[in-house]
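J.: Return a 3D structure for these sequence lines:
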Amino acid sequence: MQILSFFSGMFRKTQNLRILIVLTIFFILGSFSRYQGSLELSIDEDGQVQSMPQRDSNMHFTHHIATYNQKDIKPWTHGDSAALRTPEGQKVVEYLTASPYQVPSAENKNEKTLLKPDHFLTLTKRFRIYRSLWQYLQSYYDASVAERRQEEFFSAPPKEIAADVDFLQRLEQASFPWIERDHKTSYALYNKVKDGGRGIVMCVGNGHAKFARTAVKALREVVKTKLPIEIFYTGPIDLSPENRAWFESIENVKTIDVTTLVNNELIIIEGWSAKPFALLVSSFSEVILMDSDVYYMIDPALLFEDDGYKETGTLYFYDRTLFPGYQRPKKEWMETFLPTMSNHPAKTRWFRNKGDHEMESGVVVFNKKDHFLGLLAICKLNDLHERKQVTYKWTWGDKESFWIALEMIQERYSFIRFGGGVIGNVGDAIPFKQVLPKDEIDRYNQGEDLVATNPINPDTGETKHVEKPNRDRVCGNMLHFDPKGQPLWWNSGVVRNKFVKNSPYLKYAAFMRDEDGNWDFEQTCLVQKNPGAIMEVDWEQRKLAFEVLKVDREVALEYNNPKTKDILDIPKLLRADGAKGGRGNNEAV
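T.: Alright, predicted model coming up:
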């Protein structure tokens, strides 16, 4: 029975001896060929073992698919229902629904919200039992809805499931009390959004509205998507009435105050934490969650056709490989609250000591119908005390919560296998806080290289000579790739450095993949490891990127306020500026 065996089972190793032997065999076979066996396991391109979907035998070249040992996923049974009625079962209930906070110490009696050291381990146990119990009771709830007696399901449930229903409600109150503002339980919220269609969700405040205006206009006018868009903000001060009116003037765009749809007194949504909650309460069932400074090379509606998304109901993108060898012991941290894991964490840079970041949440493609419970878990990791005391201390904001929460609750997910690269121009290295002379920017816009010979430090007023940039690097904005390793979307704006006043527009002439270079993080450049890693952006994609620049300048002219958004000159679009002199690039994977 799950509820009685759960604690001992949770501490088993992820792979038992039999599985390790099987994987060893596949590693040996993989050294000779791209083996794809009847057990649906494969050696992928970087030597890692992963499970294979049956419908696309080539996906191991393009995606990482997180898959679990089915022996580690325990469904709820009638035996578990019977166990709930025993004294031992009630002890488990009390443990999983107890307060997560430590008893205030004698030295700090006022501290009432300090989480227990093992809180995330308790969350993992709670999530996994909650998932199996929720699925077990779903058919009962649906039957009560069909008979229009769903209120009785909670107030007077059938005797055989009364203990189960009570346990479910206690788990929800302990984990997700903020959904009860408008919904009796999560079933009501799930039924509200499961047939909501497809759309785009963005979180925008006044500080990012200048990027979001360009992003929204580019969606409608450049890549010409017809997907509806919901703009979420956190309270009336966060996004001004003028900004809200501007967004709503665009066809099929709505602005919504996320704090009106959840009990914000419990969560106190701010910053990054708004993103998963906006995803949860949006009206769509299939969502592209995107940051305000994201721009696409395609109609983003095509992301729903990605093989990884179709296989798992999620599509995630990797971040850049930054700070290898310097990260905190995140592998050890995850092992403290994940007694069993999918096959994916072993692939991560965290576990291989190769980087401090894994996921980039600038774009997240998510099927809420398939992953509704997983989304609740993601929101929990971004809840007030969890994010302030644990999640955001170990990770950079919300990013890693999108896959770690699915590990905790045991739901599959997929990553496009390429790391976050760079798109921009060859050798345009501009240190942070540098002010460039106008005549130099003019020469750059006319087609010359950007070479700052006398950069001025605005903090000290000092100048120093800078040599001509090396031609072994691409500098610019962060780029993400399609399954073939070609540019798909980029973020961080449309200028060389959005944090620098009057920073020029990028030319979008070259790109490089994360795997092929080393990062110069301060100057946002990727330096190639071997000659030939710098590639030329396709001419049609370059023209599309320049259309985005035109849209951005239109937005700046609408503002007509340089303090809000710089009005910049658009550089010339020249084939010769490409990394290969305009000859194009045929080096796709």
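J.: tell me the mean pLDDT for the longest helix seen in the chain?
T.: Ranked by residue count and defined by DSSP state H, the top helix of the chain is helix 119-146. Mean per-residue pLDDT for helix 119-146: 96.
J.: Likewise for stretch 405-419?
T.: Per-residue pLDDT values across stretch 405-419 average out to 97.
J.: Kindly export that stretch (C-alpha atoms) in PDB.
T.: What follows is stretch 405-419, C-alpha atoms only, in PDB (Å, rounded to 0.1, in the frame of the first residue of the first chain):
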ATOM      1  CA  ALA A 405       9.100  20.800  -9.400                       C
ATOM      2  CA  LEU A 406       8.200  18.200 -12.100                       C
ATOM      3  CA  GLU A 407      11.000  16.000 -10.700                       C
ATOM      4  CA  MET A 408       9.400  16.400  -7.300                       C
ATOM      5  CA  ILE A 409       6.000  15.400  -8.500                       C
ATOM      6  CA  GLN A 410       7.300  12.900 -11.100                       C
ATOM      7  CA  GLU A 411       6.000  14.400 -14.400                       C
ATOM      8  CA  ARG A 412       7.900  14.100 -17.700                       C
ATOM      9  CA  TYR A 413       9.400  17.100 -19.500                       C
ATOM     10  CA  SER A 414      11.600  17.900 -22.500                       C
ATOM     11  CA  PHE A 415      14.500  20.200 -23.300                       C
ATOM     12  CA  ILE A 416      15.800  21.100 -26.800                       C
ATOM     13  CA  ARG A 417      19.300  19.800 -26.400                       C
ATOM     14  CA  PHE A 418      21.300  22.900 -27.400                       C
ATOM     15  CA  GLY A 419      22.500  25.300 -24.800                       C
END
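J.: how does the protein divide up, domain by domain?
T.: 78-175, 191-319+358-416, 421-577 (automatic domain parsing).
J.: show me where the stretch 51-200 of the chain has strands.
T.: 63-66, 198-203 (DSSP state E, counting those that start in this stretch).
J.: low pLDDT regions in this protein?
T.: Where the chain drops to pLDDT under 70, the residues are 1-57, 105-110, 181-182, 326-327, 429-437, 439-441, 443-444, 446-469, 581-589.
J.: residue nearest the centroid of it?
T.: The centre of the chain sits closest to residue 361, judged by Cα atoms, centre = their mean, with a distance of 2.8 Å.
J.: before we move on, the earlier item: next one: the longest helix of the chain to chain centre, how far?
T.: Computed by Cα atoms, centre = their mean, to the nearest Å, the chain-centroid distance of helix 119-146 equals 24 Å.
J.: start at 35 instead
T.: Yes, from this point I'll number from 35; that puts the last item at helix 153-180.
J.: Distance check, residue 158 against residue 375.
T.: The gap separating residue 158 from residue 375 is 10 Å, by Cβ to Cβ, to the nearest Å. All C-beta spots, glycine's among them, are computed from the backbone N, C-alpha and C.
J.: same question but for residue 444, I mixed them up
T.: 9 Å.
J.: Tell me which of those two has more neighbours.
T.: Set side by side, residue 444 and residue 375 show more neighbours around residue 444, with 25 against 21, by other Cβ atoms under 10 Å.
J.: show me what contacts the more buried one?
T.: By Cβ atoms under 8 Å, 6 or more residues apart in numbering, the contact set of residue 444 is 102, 106-107, 162, 165, 374, 376.
J.: Just the ones of those residues in helices?
T.: Going by DSSP H, the helices hold 162, 165 from the contacts of residue 444.
J.: Of the contacts of residue 444, keep whichever come out buried.
T.: Buried members of those, counted by 16 or more other Cβ atoms under 10 Å: 102, 106, 162, 165, 374, 376.
J.: Give the phi and psi angles for the first one, as a check.
T.: Just to be clear, that refers to residue 102. Backbone torsions of residue 102, given as degrees, to the nearest 10, read phi -110, psi 150.
J.: hang on, it packs against residue 446?
T.: Yes. With contact defined as Cβ atoms under 8 Å, residue 102 reaches residue 446; the gap is 7.3 Å.
J.: what residues do these two have in common as contacts?
T.: Residues touching both residue 102 and residue 446 (Cβ under 8 Å, 6+ apart) are residue 376.
J.: sorry, back to before: for residue 124, state which of the buried ones among the contacts of residue 444 is nearest.
T.: Using Cβ to Cβ, residue 162 is the member of these that lies nearest residue 124, at 19.0 Å.
J.: so the closest one makes contact with residue 441?
T.: No. Applying Cβ under 8 Å as the test, residue 162 and residue 441 come out as separate, 10.5 Å apart.
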